[in-house]
Each structure stands twice: as C-alpha cells, then as structure tokens.
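*Asks:* below are the sequence and a predicted model for it; my questions follow.
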Amino acid sequence: MTLDTSDLDQYMGVPMMPGELKEAVAINDIRRWVQAMHYPNPLHYDEEWAEASRWGRLVAPQSFAVTCDTSHGCAPAQVGRIPDSHLIFGGDEWWFFGPLIEAGDRLVCHRMPYDYKVTETRFAGPTCFQRGDTLYINQKGERIAQQRSTSIRYQVRRAKEQKLFEQPGEPEWSSEQLLELEQAKAGFIEQIRSLGHAPRRWSTVDIGQELATNVLGPHSLASFATEWRAYPMTTWGATRKGPSTQTAEDLGYTKEMAGFEGDRSMERVNPELTDGAYYGPSRGHLQPQWARHVGMARGYGYGASMGAWVLDYVAAWAGEWGLITHSKAQYRNPAFTGDATYIRGTVTDRREERRGRRSRFIVVVSVDMANQDGAALARAEVDVELPTD
C-alpha cells in the first residue's frame, strides 16, 4: 500500500489565504481559554491579581495565540490531496517575539506550507509528515509569534489494520488515586502562588532543577469538548472565511469524515453540519465510534491543546517576568479519555545570548508528558528568557 502525495508539491512555499476572526479578543475569551487548558494562573482570569502584576491588567498567556487563527495552525500543514486519508497533529514549534495578546487585539494570521516527507511508521505504514507556518501579527503590525505545525497524514484503512492504539476500555480510578492527582495539581498551583508577582531570576536557576509536576485529567469527552469550545473558530459565525479554500473532500479525507467542517456557505444554512464536534474530520475527538474509525482507541485530545499544555506549564514556572522565546514539541501518543496526563520539566541548560548591545539570559527546560502508565505523550524543549539581578 502506497501513499499518493503527488498533489502536495504545487503548494509548498506558496502563501495561503490569511486567517482572521471577525471579533477582537475579549477578556472572557482569555478566561475561557485558560479554563479549557486547565491552567489555573490567576494572571489570566482574576482581575484583582492581574492589577497587582507587572502588567497592571489581565493579559493572555502565550499559548493563547493559537486561538486567534481560523484553523489552530493546522491549515498550512494540510494542503494538497492524499486520497483516503486522515490527519492527526504531530507537533508544534513556536517562536515568540515579545508582545503579549490582550483584550481588544485583532490578529491576522499569515500562512504558508513549508515541507513534507513520507516515512514508514508502526501506526499506519507509509505516513506523510507535513509542516506549515503561521505568523501571528496584531493590529499594530507587531509580530506576536510564528508557529510551525506538523500534521501526520495517513491512510485510515492501514491504521485500522495496524491497531497500534487499540486499547481496552477506560481505566478506573480509585478514590485514593484521584486524591493523589488532586494533590499533584495543588503542588503545581502552589508553585504559581508562591512566586506571585516576583521575578524568577536567571541567577537563581540551576541545571538539573526540577519544576513542579502538573497533572491534567482524568480526561473525558466533556473536558475535550470544553477545549474545543475555547477556540473561537468553533463558534458559529466567528469567521468570514473557512480555514482554507480547500474542502475536506479536496484534501482526500474519507467520505465518512469529510463533511462541511469550516464551510461558511453551509454555515448560513445548517451550522451544525460545519461544527467539528458533530460532523466532519474533527468528530473523532468527541465521538468514540468515529475515533475507532480513524484508528484511535476512543475519544482523544487535540494536538493544538497539547502544545498549549507545554507552553503553559513552563510559563507558570517562569512567572510573569519570564518570556518563552522558543518551543519545539513532538507528540508521540494521543491523550485518551479516561487517562491522566503528567507533565514534568527539568532545567537542562542556561546561557547568555548576545544580540548587538543587548544580552538575553535563557534557560532551557526539557518537558516530558506521559500518561499514568508511563506512555510518552510528548517531549519538548522550551527556551525561556528570565530577568537578571
């Protein structure tokens, strides 16, 4: 069985239609986002805490940028037709340039397909790893971030035959185990609260230092639905144009999964048909029968959200005076319903970067994400700039 990627070459390096939401960012968009990402940092939802911060107001976390696109960064990583295929996220690389997003901002997202390669995988045999870039620019012309997303495009029939993600039903959690999860979450929150508005200084950080462990979950269809609804693009009428000029059928999705997701013409007639929670390529996340149809064991989380978990985790440790400058994450396994996600980080490097007359003091944090059985979900390297003495 081969994977026909002959249609992809014509799109590489060719700019796409930009993505833009109709409405400016609202404070409750930011609050809804951190709630959906399970990120209890009061800087992003509690106005009294935020007023006492260095910003003097509520601002968005750096992970929020991905919500300002009409395709959470996926569109430039899924151009061209691959017959009888489906897609899952394979990773995200981010560069951040300094400005944060806050209420009232309007962003335009400039997108361009980057490259692709075909590799043999245990998951689905011949598999296409395709990358695309999204540049986020605000109404002032400031560059907020650049995202390079990796999609994994594969033939559905082969993935179902391989049965890599075939698993038994959801695990059962005892009261004692659930209490342990809550205790770990409390430790993560304490790390945020104890630092407060003070800076975490570069000179106080040592190689080998461990960050507080965070735990998300146990995940459920309800928690994944909450994530999906935190992306404004999923709201009826939120965008003037779809994610791209290509339909899911044009991209080669199987007939059962193609549908009208993101189709603005259909949205005016029957918006439920355009909603990925109900129909179309995204419904496998929230509907177990369609998850199994595309080679997954059961409902599973969103790759773009997994990238946000990494960014939020390091940002929480860095504090409000820190700035993530670069992050590169590779996703290894999905987060399934019933599972918990453990996020752990260790400082692996610290360096001074000179740029002309200015120096930046960088700490590198290696992040590992795994479920309760130790299965790797993601690995990432995150560069964060910290203030000096």
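*Replies:* Okay, I see it.

*Asks:* could you check how far residue 350 is from residue 247?
*Replies:* Using Cβ to Cβ, to the nearest Å, we find residue 350 at a distance of 48 Å from residue 247. The C-beta positions use only the backbone N, C-alpha and C, and glycine is treated the same way.

*Asks:* that should have said residue 213, apologies.
*Replies:* On the measure of Cβ to Cβ, residue 213 and residue 247 end up 43 Å apart.

*Asks:* ok, now residue 220?
*Replies:* From residue 220 over to residue 247 the distance is 31 Å, taken as Cβ to Cβ.

*Asks:* now do residue 319
*Replies:* Residue 319 sits 44 Å away from residue 247, going by Cβ to Cβ.

*Asks:* neighbour-wise, which of those two wins?
*Replies:* residue 319 (23 against 15; other Cβ atoms under 10 Å).

*Asks:* check contacts around the more buried one.
*Replies:* Residue 319 makes contact with 195, 198, 199, 200, according to Cβ atoms under 8 Å, 6 or more residues apart in numbering.

*Asks:* okay, now the last one: neighbour count?
*Replies:* Which is residue 200. 17.

*Asks:* and what of the second one?
*Replies:* Residue 198 has 10 neighbouring residues, counting by other Cβ under 10 Å.

*Asks:* what sits closest to it if chain neighbours are left out?
*Replies:* In this structure, residue 198 finds its nearest non-sequential neighbour in residue 319, 7.0 Å apart by Cβ to Cβ, 6 or more residues apart in numbering.

*Asks:* could you do the third one as well?
*Replies:* Closest residue to residue 199 apart from its sequence neighbours, by Cβ to Cβ, 6+ apart: residue 321 at 3.7 Å.

*Asks:* how much space between that neighbour and residue 44?
*Replies:* Per Cβ to Cβ, residue 321 is found 15 Å from residue 44.

*Asks:* who has more neighbours out of those two?
*Replies:* Ranked by neighbour count (other Cβ under 10 Å), residue 321 and residue 44 place residue 44 first, with 24 against 16.

*Asks:* surely that one meets residue 61?
*Replies:* Yes: with contact defined as Cβ atoms under 8 Å, residue 44 reaches residue 61; the gap is 5.4 Å.

*Asks:* need the residues touching each of these two.
*Replies:* In contact with both residue 44 and residue 61: 30, 33, 34, using Cβ under 8 Å, 6+ apart.
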